[in-house]
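Trainee: Sharing a model that was predicted from the sequence below.
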There are 2 protein chains.
Amino acid sequence: MSTSAAQQPSPQLFFQTINAHQRTEALKAAIELEVFTAIGEGNTAAADIAKRCQASERGTRILCDFLTIHGMLTKQDGQYGLTLDSATFLDKRSPAYLGSAVEFLCSPMLTEGSKHIAEAVRKGGTAMEGEGTIGPEHPVWVKFARGMAPMMAMPAQLISQLVDPTGDRKLKILDIAAGHGLYGIAFAKKNPQADITAVDWQAVLEVAQDNAQRAGVADRYHTIPGSAFEVEFGSGYDLVLITNFLHHFDPPTNETLLRKVHNALADGGRAVTLEFVPNDDRISPPDAAGFSMMMLSGTPSGDAYTFAELERMFANAGFSRSTLHPLPPTIQQVVISEK
Amino acid sequence: MSTSAAQQPSPQLFFQTINAHQRTEALKAAIELEVFTAIGEGNTAAADIAKRCQASERGTRILCDFLTIHGMLTKQDGQYGLTLDSATFLDKRSPAYLGSAVEFLCSPMLTEGSKHIAEAVRKGGTAMEGEGTIGPEHPVWVKFARGMAPMMAMPAQLISQLVDPTGDRKLKILDIAAGHGLYGIAFAKKNPQADITAVDWQAVLEVAQDNAQRAGVADRYHTIPGSAFEVEFGSGYDLVLITNFLHHFDPPTNETLLRKVHNALADGGRAVTLEFVPNDDRISPPDAAGFSMMMLSGTPSGDAYTFAELERMFANAGFSRSTLHPLPPTIQQVVISEK
């Protein structure tokens, strides 16, 4: 492109953005129709994919072209193929299949907030009634626990490796807002002396207990049903896991929780926090920084906090030192805070 | 990124796509709140933008960061700025302001179809009842005529320059589905001997007539209210303009119309078609090829046609020769077909 063409204003990004909702809907449709699975099974022509998906050839061709344009399929000489990512996460037969996460990620409670962003910007928090997704016993978290588990196995393993590399000493672990339970379970699987106590709503803990059972660690898996802000944690924990939790609340609320965590830790104990952590510029890295919008539209006062902000919350709660650890290839980071 | 990291599957694109609807909603919210206009007026800190937009500082900061992440604002040392594109198309004070197009582009009739893509793929056409957006007298086209005019001035000028470069001879022009009328009006403005007849629904023609009045060409601007498939066009036209129309219909329907156009043309006359024209691979260029999805979800049998397909329709309708002309910087192309 010549310099003068590059400097010419173009409405292209405006159109791409105003139509971006199509991408969400096309991906949902493709998962519902099992297009990725059909291609993974060896159907590569539109006619064959259509037959397998019980759909029209014309509609299948247009959908597959759209998915190709947006990077989710390949197309060569009229034949469609899976990308590495779609083979891993979108083919039903893959152990890392994410299709079930769609039920959580596209549940009205998560997407409803996005429909009222102008109102959320005016107000400074979700335009949804009540507390949005952080209300007590919100059923969305059962969907979360069920749907998000397949993709959490990898980060959970990475965290246990980071925090307990040798896996050879007794560890009493509290897993706050455990959800599917996979973070605590990863420690228990790696370390036969690890003993886990999970906190979450009762309905969610049932999913975690199922997962602990399947992982063969149920005998070292205990639960405390209720709100992390209200239940008794007990004491003497070596580790407290706080995964994808702090972003739902404002700093004073988090500090209240972190003081409680601090009290529950044994001397020398550590809080292990998994979060979307934007840089201080709040616009990079893009996926972590962009997560703030979901918190604005879906919670009264949540945010994606910078490391400096998290560090301050932990310091105010009595922790002596926090360190930041990237967790590649995930877009999240781990903060380890020492009592 | 190391080779091994590059080869590791990542759910990143899955998440970006499943959340893509946020981008649409954030842009709509920013236009509604006049964020771009506020920044264009010189408010660059979140607090000042918030004040001008009567919004919370926290919400404004998160929205502006999100817009920056997605390329619609700049951010430097905590101060936000407009990009060239957002200054041109999203600041209300700009003559090319596109904010009013949102009412058309996000009208339920255009977006409703996108919510039922799986059903449209099964069926091979829109899941909406009736004929989708191509039903008679559909009010969405008045919104289209009003909202899309600001951005059509430039392509309209480019087409008149391409087709009638000298602008110095008598031209009888028929403008089919004229909408805002700007394509025909551009010819009339460039060539004082051009005489325009516009076809569209009556309510839409009123918008076109207003625009012709404002452009000072109302005395050479005539209208035929009704469906292009039903009304009498008259005859002896030097040019027939068919802009953004053929993509709504299937090839046989288009051929019926094109035969009628052929009959209406004088000897040596030309049909001038503006379209989204994908390459034969149907996945490039991305924006033109991706337009097919909008036709699948919003019309019974429309599509973005390749040049080979358009050429065949014109040939079947009796035209002797069609040629394809890019229209940079737009993403559309012009097909000129000779009687």
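Mentor: Structure received. Numbering: from 1, shown residues only, chains lettered A, B, ... in the order given.

Trainee: per-residue confidence for residue A:127?
Mentor: At residue A:127, the predicted lDDT confidence score is 87.

Trainee: from memory residue A:118 sits against residue B:29, does it?
Mentor: Yes. The pair residue A:118 / residue B:29 is scored as a contact, 3.8 Å apart, by CB atoms under 8 Å. (Each C-beta comes from the backbone N, C-alpha and C, glycine too.)

Trainee: Looking at the two, which one has more neighbours?
Mentor: Neighbour comparison, residue A:118 and residue B:29: the larger count goes to residue B:29, with 26 against 22 (by other CB atoms under 10 Å in any protein chain shown).

Trainee: ok so that one is a helix residue?
Mentor: Yes. Counting by DSSP: H, G, I helix; E, B strand; the rest coil, residue B:29 is found in a helix.

Trainee: Around residue A:229, count how many other residues there are.
Mentor: The burial count assigned to residue A:229 is 11, neighbours taken as other CB under 10 Å.

Trainee: so which strand or helix has it?
Mentor: In this assignment (DSSP states H and E), residue A:229 forms part of neither any helix nor any strand.

Trainee: Please apply the same query to residue A:61.
Mentor: Applying DSSP H and E as the criterion places residue A:61 in helix A:57-69.

Trainee: where does the stretch 151-300 of chain A come near chain B, residue by residue?
Mentor: Within the stretch 151-300 of chain A, the positions lying close to chain B (CB under 8 Å from any CB of the partner chain) are A:151, A:281-284, A:286-287, A:289-290, A:292-297.

Trainee: from those, which would you call buried?
Mentor: In terms of neighbour count (16 or more other CB atoms under 10 Å in any protein chain shown), the buried residues within those are A:151, A:282-284, A:286-287, A:289-290, A:292-297.

Trainee: Phi and psi next, for residue A:334.
Mentor: As for residue A:334, its main-chain torsions (degrees, to the nearest 10) stand at phi -110, psi 130.

Trainee: and the helix holding residue A:61, how far out from the chain's middle?
Mentor: When C-alpha coordinates are averaged (CA atoms, centre = their mean, to the nearest Å), helix A:57-69 and its chain have centres 28 Å apart.

Trainee: cool, stretch A:301-309 as well?
Mentor: With CA atoms, centre = their mean as the basis, stretch A:301-309 stands 16 Å off its chain's centre.

Trainee: likewise stretch A:301-311?
Mentor: Relative to its chain's centre, stretch A:301-311 lies at 16 Å (CA atoms, centre = their mean).

Trainee: and it with chain B, contact?
Mentor: Yes. For stretch A:301-311 and chain B, the contact criterion (CB under 8 Å from any CB) is met by residue A:303.

Trainee: Convert that stretch to CSV, retaining C-alpha atoms only.
Mentor: Extracted C-alpha coordinates of stretch A:301-311, given in CSV (Å, rounded to 0.1, in the frame of the first residue of the first chain):
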residue,chain,number,x,y,z
SER,A,301,-17.2,-2.7,40.6
GLY,A,302,-14.8,-5.4,39.3
ASP,A,303,-11.8,-4.8,37.2
ALA,A,304,-8.7,-6.4,35.7
TYR,A,305,-6.1,-5.1,38.1
THR,A,306,-2.5,-4.2,37.3
PHE,A,307,0.3,-5.8,39.3
ALA,A,308,0.9,-2.6,41.2
GLU,A,309,-2.8,-2.6,42.3
LEU,A,310,-2.8,-6.2,43.3
GLU,A,311,0.5,-5.7,45.2
